[in-house]
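Asker: Just to be clear, the model below is a prediction. Sequence and coordinates:
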Amino acid sequence: MDQLIALLSTTDERRFIPLRMAIGVMLLFPIGGGINGLLRVLSFDWPVHLAVLLLRAVECLLGLGFICGLGLRVIAVPAVLLLALHVVSNVGHSLGFEATALARFIRFEGDWAYGALYFAAAVMSLDLLVAGAGAWSVDRTLYRLLLERRHGLK
């Protein structure tokens, strides 16, 4: 119970709301397409395509989790990894990394400005990982309910 309370603990600060919304929208509607457009699929097997679609579904669920503020400390880590993949794809295209070993797995498209935008979103996600979801979030509501139940308050 204490670990769950620590995981959901967050302040009542409203400054995190725009951060959550911006990152959630970037994960739901990524510039240049989702992760299914970034990964270079070398085979035409159905399991590979289903795995890529599953990764896109995870990307959408992460976006919804950021918008709602649900389990933000848990979902921030995979969100940072997905945003870092977008950074590599966009910056790599601008810097001419098409001849590297990464080009076998990642499509390099976009430009450095989109890479900088995704980098900023990844840094903001790390800030939310430390601080929590903030006000108007499901985490804050659950945190209050768990504290009331723990202390026997109604």
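Answerer: Great, that's in hand. Numbers count the residues shown, from 1 in each chain.

Asker: With adjacent residues omitted, what lies nearest to Asp127?
Answerer: With Cβ to Cβ, 6 or more residues apart in numbering as the criterion, Asp127 has its nearest non-adjacent residue at 7.1 Å, and that residue is Leu19. Bear in mind the C-beta positions are built from the backbone N, C-alpha and C, glycine included.

Asker: now Ala122
Answerer: Leu83 (4.0 Å).

Asker: And what about Pro30, helix, strand or coil?
Answerer: Three-state call for Pro30 (DSSP: H, G, I helix; E, B strand; the rest coil): coil.

Asker: And stretch 94-104, what's buried?
Answerer: Neighbour-count burial for stretch 94-104 flags Phe97 (criterion: 16 or more other Cβ atoms under 10 Å).

Asker: can you start the count at 47 instead of 1 from here on
Answerer: Noted, 47 is the first residue going forward, which turns the last one into stretch 140-150.

Asker: average pLDDT across it?
Answerer: Averaged over stretch 140-150, pLDDT sits at 73.

Asker: repeat for stretch 110-118
Answerer: 95.

Asker: So what touches that stretch?
Answerer: Outside stretch 110-118, the residues within contact range by Cβ atoms under 8 Å, 6 or more residues apart in numbering are 53, 56, 66-67, 69-71, 73-74, 121, 125, 174-175, 178-180, 182-186.

Asker: at 6 Å what do you get?
Answerer: Stretch 110-118 is touched from outside by 66, 69-70, 121, 174, 179, 183-185, with contacts defined as Cβ atoms under 6 Å, 6 or more residues apart in numbering.
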